[in-house]
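K.L.:
Below: sequence and its predicted model.
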Amino acid sequence: MSDDLKKGRIVIVGASLAGLRAAEALREEGFTGSLTVVGDEPHAPYDRPPLSKQVLLGQATADATGLPVRRDPDAEWRLGVRATGVDLLAKRVLLGDGESLPYDRLLIATGTRARPWPDAEEAALDGVFTLRTREDAGGLAERLAAGPERVLVIGGGFTGSEIASACRELGLAVSVTERGPAPLVGALGGTLSKLAAVMQRNHGVDLRTGVTVTALNGNGAFTGAQLSDGSRVDADVCVVALGAIRNVEWLAESGLAAGPRGIACDAGCRAFNMYGIVTDDVFVAGDVSRFPHPLFGYQMLSLEHWGNAVEQAGVAAHNMVSPGPLRRPHLSIPSFWSTQFGLNIKSVGVPTYSDHVVIAQGSLEARRLAMVYGYQGRVTAAVTVDMAKSLDYYRHLIETAAAFPPPPGAADRAIAADIPVPSLVPDPSGLSHGPTVALTGHLPDRRLTVV
């Protein structure tokens, strides 16, 4: 049986970071059969984090963001072709060009796309951008290099904040609107988001919180926006940073458990069908997946993290070519990082899975700190600001379900830790931006089901 799994036909839908790393891992695991990778973009897999950083700053071009290939996956690449469906009974992937691909095992790694501005006519105005693809980044970088009078960024999540930071670094006037009380509040909670708001304003950002954009103005070209408080922002470039949409629509008739939060799978990356029964030949990896994690109450997590895509792709590839007793779970701790307004922000764990936080090192005033998150008396996450060397210590606390507040132990720890305060994690429906980690089970402080 084990030898049989090393042969046959595997199709990967999604020429993404997860798709590429899974293809490489399949060969490393000894898979010798045919391997096909389908991608709707015409490009080979490329790196997305530089698009909102180096590309916008002119430090790299959009077409120079290709991912390094660790080994030749010896795959047939079907690029520029969209997958339109899956026939689970016939075991075929349907393509937009009318063809279909037979498979013995299928990996879905279709990721996400940028959430567009809801009014299509306004979204089509010249000067209105989203940022997700190479083309998006190249077009926006060109427009920023031309020196617009003002840039409007709609959404104060990580992408929106990084874009605003790049604009200020380029010397451009920028306004940021956020429906919630502060930027990054959806990812980091209310306490640490206060620092994000202070940093943006200290760097000259016109930050508008507690408001929404009600209309984009312009006659062919974008000229400004109307806000819900009755005010107006005059600008000639607008970047819509309203979060991401999971690419699952093509699976609507497949019978898989695919929805707005992604495709549900078990800890071994095997997809569930719509009846909650696990499949044994369809696997999921990357941003499009929803998977349970024992350290976070077995909630179904949806992550938009670079590291998670790599780790989960490796687990999926291993399990696709291994018999049941040799399969392993995807249990890595979520982590991400961001550089903005001169600060290096790094996170480990799930900050939104918390009820209290404590500043374990440093201080908000010093703008250098380690904030630890806890839920029901145990450590669930940590976020550092310009203190990344402490993160491994807190990762260990999360992995061992250590008590919250955390004990002394990290280097340059404050002499006396602050008193824990509520983490103030908001309901995502009240924000312009989405969290980078979405808890799709229940909200721990409210005991409500999220539909």
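P.N.:
Great, that's in hand. Residues are numbered from 1 along each chain as shown.

K.L.:
what is the rounded mean pLDDT of stretch 279-299?
P.N.:
Averaging pLDDT along stretch 279-299 gives 95.

K.L.:
got it, and stretch 164-181?
P.N.:
Averaged over stretch 164-181, pLDDT sits at 97.

K.L.:
buried sites along that stretch?
P.N.:
By neighbour count on 16 or more other CB atoms under 10 Å, the buried set for stretch 164-181 is 164-168, 170, 172, 174-181. Yep, even glycine has a C-beta here, placed from its N, CA and C like the rest.

K.L.:
Any buried residues in stretch 98-108, and which?
P.N.:
In stretch 98-108, counting by 16+ other CB under 10 Å, buried: 100-101, 103-108.

K.L.:
Can you list which of the buried residues of stretch 164-181 are found in strands?
P.N.:
Secondary structure assignment by DSSP state E places 174-178 of the buried residues of stretch 164-181 in strands.

K.L.:
Could you single out the nearest of these to Leu188?
P.N.:
Glu178 (13.1 Å; CB to CB).

K.L.:
What residues does the nearest residue to that closest one once chain neighbours are set aside make contact with?
P.N.:
Excluding the flanking residues, the one nearest Glu178 by CB to CB, 6 or more residues apart in numbering is Gly156, at 3.4 Å. Contact analysis of Gly156 by CB atoms under 8 Å, 6 or more residues apart in numbering lists 176-178, 180, 182-185, 196, 207, 209, 241, 432-433.

K.L.:
so where do the helices sit in the stretch 301-450 of the chain?
P.N.:
306-320, 391-399 (DSSP state H, counting those that start in this stretch).

K.L.:
distance between the shortest one and the chain's centre?
P.N.:
So that's helix 391-399. Centre-to-centre, helix 391-399 and its host chain are 21 Å apart (CA atoms, centre = their mean, to the nearest Å).

K.L.:
Any chance you could list what contacts that helix?
P.N.:
Under CB under 8 Å, 6+ apart, the answer for helix 391-399 is 295, 333, 335, 346, 348-349, 360, 370, 372, 379-382, 384, 402, 406, 409-411.

K.L.:
and if you look at the longest one?
P.N.:
Among residues not part of helix 306-320, those counted as contacts by CB under 8 Å, 6+ apart are 5, 10, 16-19, 21-23, 25-26, 28-29, 31, 48-49, 105, 107, 109, 111, 268-270, 283-287, 289, 291, 327-330, 332, 334-336.

K.L.:
C-alpha coordinates for the longest helix belonging to the chain, PDB please?
P.N.:
Longest helix of the chain, by residue count under DSSP state H: helix 185-202. The C-alpha coordinates for helix 185-202 follow below in PDB (Å, rounded to 0.1, in the frame of the first residue of the first chain):
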ATOM      1  CA  VAL A 185      -7.200  46.100  16.500                       C
ATOM      2  CA  GLY A 186      -8.600  43.000  14.800                       C
ATOM      3  CA  ALA A 187      -5.300  41.200  14.900                       C
ATOM      4  CA  LEU A 188      -3.700  42.500  18.200                       C
ATOM      5  CA  GLY A 189      -6.600  43.500  20.400                       C
ATOM      6  CA  GLY A 190      -7.400  46.900  21.900                       C
ATOM      7  CA  THR A 191      -4.400  47.500  24.100                       C
ATOM      8  CA  LEU A 192      -1.600  47.000  21.600                       C
ATOM      9  CA  SER A 193      -3.600  48.700  18.800                       C
ATOM     10  CA  LYS A 194      -3.300  52.000  20.800                       C
ATOM     11  CA  LEU A 195       0.400  51.900  20.100                       C
ATOM     12  CA  ALA A 196      -0.300  51.400  16.400                       C
ATOM     13  CA  ALA A 197      -2.600  54.400  16.300                       C
ATOM     14  CA  VAL A 198       0.000  56.600  18.100                       C
ATOM     15  CA  MET A 199       2.800  55.500  15.700                       C
ATOM     16  CA  GLN A 200       0.700  56.200  12.600                       C
ATOM     17  CA  ARG A 201      -0.200  59.700  13.800                       C
ATOM     18  CA  ASN A 202       3.300  60.400  15.000                       C
END
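
K.L.:
what packs against that helix?
P.N.:
helix 158-169, strand 206-209, strand 343-349, strand 356-363, strand 368-375, strand 378-385 (3 or more CB pairs under 8 Å, 6 or more residues apart in numbering; DSSP states H and E).

K.L.:
Tabulate the ones you listed in CSV, adding columns for distance to Val421.
P.N.:
Converted to CSV, those look like this (distance: least, CB to CB, whole Å):
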stretch, distance to Val421
helix 158-169, 23
strand 206-209, 20
strand 343-349, 18
strand 356-363, 6
strand 368-375, 10
strand 378-385, 14
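
K.L.:
of all those, which lies closest to Leu301?
P.N.:
strand 343-349 (11.0 Å).

K.L.:
Buried residues of that closest one, list them for me.
P.N.:
Neighbour-count burial for strand 343-349, counted by 16+ other CB under 10 Å, picks out 345-349.

K.L.:
ok, now stretch 67-85?
P.N.:
When burial is assessed from 16+ other CB under 10 Å, stretch 67-85 yields the following buried residues: 73, 75, 77-78, 81-84.

K.L.:
nearest to Val421, of these?
P.N.:
Closest to Val421, out of all of the buried residues of stretch 67-85 and judged by CB to CB, is Ala83, at 46.9 Å.

K.L.:
doesn't Ala267 fall inside a strand?
P.N.:
No. Under DSSP: H, G, I helix; E, B strand; the rest coil, Ala267 sits outside any strand and is assigned coil.

K.L.:
Would you check that it makes contact with Leu301?
P.N.:
No. Using CB atoms under 8 Å, Ala267 makes no contact with Leu301, being 10.7 Å away.

K.L.:
check contacts around Ser347.
P.N.:
Contacts of Ser347 (CB under 8 Å, 6+ apart): 187-188, 334-337, 381-384.

K.L.:
CA-only coordinates of stretch 5-24 in CSV, if you can.
P.N.:
C-alpha atoms of stretch 5-24 as CSV (Å, rounded to 0.1, in the frame of the first residue of the first chain):
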residue,chain,number,x,y,z
LEU,A,5,0.9,5.9,-2.6
LYS,A,6,4.2,6.9,-4.1
LYS,A,7,2.8,6.4,-7.6
GLY,A,8,-0.3,7.5,-9.5
ARG,A,9,-1.5,11.0,-10.4
ILE,A,10,-1.5,14.0,-8.1
VAL,A,11,-3.0,17.3,-9.1
ILE,A,12,-2.3,20.5,-7.1
VAL,A,13,-4.7,23.4,-7.7
GLY,A,14,-3.0,26.6,-6.8
ALA,A,15,0.4,27.7,-8.1
SER,A,16,1.0,29.4,-4.8
LEU,A,17,3.6,29.3,-2.0
ALA,A,18,1.8,26.3,-0.5
GLY,A,19,1.4,24.7,-4.0
LEU,A,20,5.1,25.0,-4.8
ARG,A,21,6.3,23.8,-1.4
ALA,A,22,3.9,20.8,-1.5
ALA,A,23,5.1,19.9,-5.0
GLU,A,24,8.7,19.9,-3.8
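
K.L.:
Name the residues of that stretch that are buried.
P.N.:
5, 8, 10-24.

K.L.:
what does stretch 376-383 give?
P.N.:
379-383.
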